[in-house]
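Undergrad: sequence plus the predicted model coming up.
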Amino acid sequence: MDFFDHQDRARRKSGILVLYFLAAVALIVAAVYFAFYFSFVWLQDPSSLTEESLDRLGMRRLWNPRLFAAVAGGTVFVVFCGSLYKIHSLSGGGATVAEMLGGIPISPSTADPDQRKILNVVEEMAIASGTPVPPVYLLDKDKGINAFAAGFSTGDAVIGVTQGCIKLLSRDELQGVMAHEFSHILNGDMRTDIRLIGLLHGILLIGIAGKILLRAFLHSGSTATRRRSRSDKEGGGHIGLILFALALFVVGYIGVFFGRLIKSALSRQREYLADASAVQFTRNPDGIAGALKKIGGWSPGSELRSARAEEAGHIFFGNGLPASFVRVLSTHPPLEDRIRRIDPSFEGKFEEVLPGEAFPDHGKLHPEVARLYAGKGKTPESETPGAGMAASAAALIGMVGAPRPEHVAYAERVKEEIPETLRTAARDAFGARAVVYGLLLDPRKEVRDRQLAALETGADPPVYRTLLGLLPEFERLEPEHRLPLLDISIPGLQNLSPNQFVAFRENIGRLIAADERVDLFEFTLQRVLIRHLEARFKAPKKGTAVYYSLKKLRDECALLLSIVAHAGHGEADEATAAFQGGAEILREQVGGGLPLKARRDCGFEKLRDALDRLATVAPKLKRPLLQACATCAMTDRTITVREGELLRLVADTLDCPMPPLLPGFTA
């Protein structure tokens, strides 16, 4: 299944989620109605209500429309408010979910070997996927082996890991688990997960309300008994309140039942798919299978200590809740079944995992991954930086959201090739800013001097001094390593204060404006960086579609394809042929042909506005848009670094994670 099919399935699951939710609410309304009826009518002392009042209220009959309407209205109001409150409280995205579960952010510059190991793996997975490196949160009190991904999109995604996960898993096993979690990030599962947490909170709130009321009524009833100041009628009414609160508390467990049933219906098959994606991603089935086997052999398994585990258990790698005796209620497939799908030879016996066994990050390529990188007898060192990359549009679109083992190998190799001082600096809040400033420095001395002068007055002094120390390293940085280095820097930049972020953004603008022109890399860096950092300092955008047809965006489509055509083809005839190839892909969507715009009419300000509007197209339009751009770039079956950066920009805007284009890749 490709990225776009999986996205469609995720959206359909969101619709199914709403239907399940409404069905659960309907059953809970019925349960609350019966609880109210039997608590205040059927079990009441006959002397507490007169025959006349019962007849007037129609409460001698089990079905009473007026009573049902009142109870249903109150129940729906509570559920709706509870869900609305929870959805709003989670609007901060992945970081909010991680903090709700007790996660502590791991510093990108940490020296702890276990934490460094997981950060290295996450960096490699992100570079291989073509996404910014997500922050990593540690559930430091959980000894179980577990992990999760949370967020609305790649822009605000986070990874969470338990202490048991980073302590007990080897590097290959961690890579398998992270590949599983990145599958959820890439395929849009996270958005459904957060919606599920919000909706189910409203159902669970009925039980929470019953628990609170039961405590309150029992306390007040005890006080009333001691004072003996209640009338018989009041006492009977008080018993009814206690019974009703107790009934609500029981109904709360009905909510838990339906909550688990809904999560099970949506999550189980998805976990199988994520396991399979992890194997395809790493081509190392022993990694994820080994992690699952360790869960079976470790006494705490994958259980979580968080009080919020019931709400968010479905987002985790392993079942974080105590095993249910009803298997259909489990949010995850049975552990043995997951392992056998990866390793058919598994006999169902788990070897005991002992505490204290350490698996350090040796920083070495997995042998299979190293072989894949070399491919066709080539070694990574034999490739010429910036060389053309043969590919086809169909092959490229097939890789969106579905990175291959070659991409993992490429990511590991890129990290080795980027100067270590730059990698280290990129993981620190001060150093990350210096790295971004360094990426924007112009090779021409007169322009660079103006840029450094602007930073000397506008940047924090420690950042400026760090940049000066890194200048020689930027001269060794290959062009194709610029965006991976930018991705590595994003977690460190997310630690900026709001005021520091504003100053940082202004300094970026000054550096770009120093030569009074904007080039493609500067535009790409600014847009990608600011887009993903704003998710940290503002509520992340929910990705609401505005345009369901490209006919109203003909001019934007023509501008985008024109820029892609001019970027990779210097000759007018070549640019025209490339443009026509891309325009043909969109002919049906835009309602006819598109005009090629002259190079002088393809400014970056116009491109920025066009991308802002194209970012709001309906999901079904993203595939043809991206395919048209890829076709335009690949007319000559060669992609330069410049074209690759532009395609990454378009894919990032459409929230379609595109793995890096590999030297020597052929369709």
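TA: Good, I have the coordinates.
Undergrad: quick one: secondary structure of residue 121?
TA: helix (DSSP: H, G, I helix; E, B strand; the rest coil).
Undergrad: that one contacts residue 176, doesn't it?
TA: No - the pair residue 121 / residue 176 is not scored as a contact, 9.7 Å apart, by CB atoms under 8 Å. (Glycine included, C-beta is placed from N, CA and C.)
Undergrad: pull the helix or strand with minimum mean pLDDT from this protein.
TA: None of the helices or strands of the chain scores lower by mean pLDDT, DSSP states H and E than helix 367-374, at a mean of 48.
Undergrad: show me what the helix or strand following that helix is packed up against.
TA: As assigned by DSSP states H and E, the chain's next helix or strand after helix 367-374 is helix 393-399. The contact analysis (3 or more CB pairs under 8 Å, 6 or more residues apart in numbering; DSSP states H and E) places helix 393-399 against helix 622-633.
Undergrad: list of residues touching the helix it packs on?
TA: Under the criterion CB atoms under 8 Å, 6 or more residues apart in numbering, residues 4, 393-394, 396-397, 400, 550, 557, 560-561, 564-565, 567-568, 578-579, 581-586, 589, 614, 617, 639, 643, 646-647, 650-651, 654-656, 658 lie in contact with helix 622-633.
Undergrad: ok, then the element right after that helix?
TA: helix 641-653.
Undergrad: contacts made by that following helix with the rest, please.
TA: For helix 641-653, the external contacting residues (CB under 8 Å, 6+ apart) are 130, 386, 389, 396, 400, 479-480, 482-483, 520-521, 523-524, 527-528, 531, 560, 563-564, 567-568, 611, 614-615, 625-626, 629-630, 633, 639, 657-658, 660-661.
Undergrad: what do you get for stretch 246-257?
TA: 24, 27-28, 31-32, 35-36, 38-39, 200, 203-204, 206-211, 213-214, 310, 329.
Undergrad: any of these buried? List them.
TA: 24, 27-28, 31-32, 35-36, 38-39, 200, 203-204, 206-210, 213-214, 310, 329 (16 or more other CB atoms under 10 Å).
Undergrad: so, low pLDDT: which residues of the stretch 501-650 of the chain?
TA: 539-544 (pLDDT under 70).
Undergrad: show me the strands in the stretch 551-667 of the chain, by range?
TA: Ranges of strands within the stretch 551-667 of the chain: none, based on DSSP state E, counting those that start in this stretch.
Undergrad: likewise the chain?
TA: 104-105, 136-139, 147-150, 158-162 (DSSP state E).
Undergrad: how does the chain divide into domains?
TA: 3-93+193-263, 96-186+276-342, 402-537, 551-653 (automatic domain parsing).
Undergrad: can you add distance to residue 269 and give those back as JSON lines?
TA: As requested, the domains of the chain are arranged in JSON lines below (distance: least, CB to CB, whole Å):
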{"stretch": "domain 3-93+193-263", "distance to residue 269": "10"}
{"stretch": "domain 96-186+276-342", "distance to residue 269": "8"}
{"stretch": "domain 402-537", "distance to residue 269": "18"}
{"stretch": "domain 551-653", "distance to residue 269": "21"}
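Undergrad: out of these, which one sits most buried?
TA: With neighbours taken as mean count of other CB atoms under 10 Å, the domains of the chain reach their highest mean count in domain 96-186+276-342, at a mean of 22.
Undergrad: span of that domain from start to end?
TA: End-to-end distance of domain 96-186+276-342 (CA to CA, to the nearest Å): 33 Å.
Undergrad: mind checking which of the buried ones among the contacts of stretch 246-257 land in helices?
TA: Those of the buried ones among the contacts of stretch 246-257 mapping onto helices are 24, 27-28, 31-32, 35-36, 200, 203-204, 206-210, 213-214, 310, per DSSP state H.
Undergrad: where does pLDDT dip in the protein?
TA: 1-3, 6-15, 39-62, 213-214, 217-241, 322-329, 356-391, 539-544, 663-667.
Undergrad: longest helix in it, please.
TA: helix 232-282.
Undergrad: run through the helices of the stretch 401-550 of the chain in chain order.
TA: All helices of the stretch 401-550 of the chain, identified by DSSP state H, counting those that start in this stretch, fall at 405-417, 420-426, 429-439, 445-458, 461-474, 482-493, 498-513, 520-537.
Undergrad: and what of the stretch 1-150 of the chain?
TA: Using DSSP H, counting those that start in this stretch, helices in the stretch 1-150 of the chain cover 3-37, 51-57, 65-89, 94-100, 113-129.
Undergrad: distance check, residue 90 against residue 155.
TA: Relative to residue 155, residue 90 is positioned 15 Å away (CB to CB, to the nearest Å).
Undergrad: I am finished for the moment; much appreciated.
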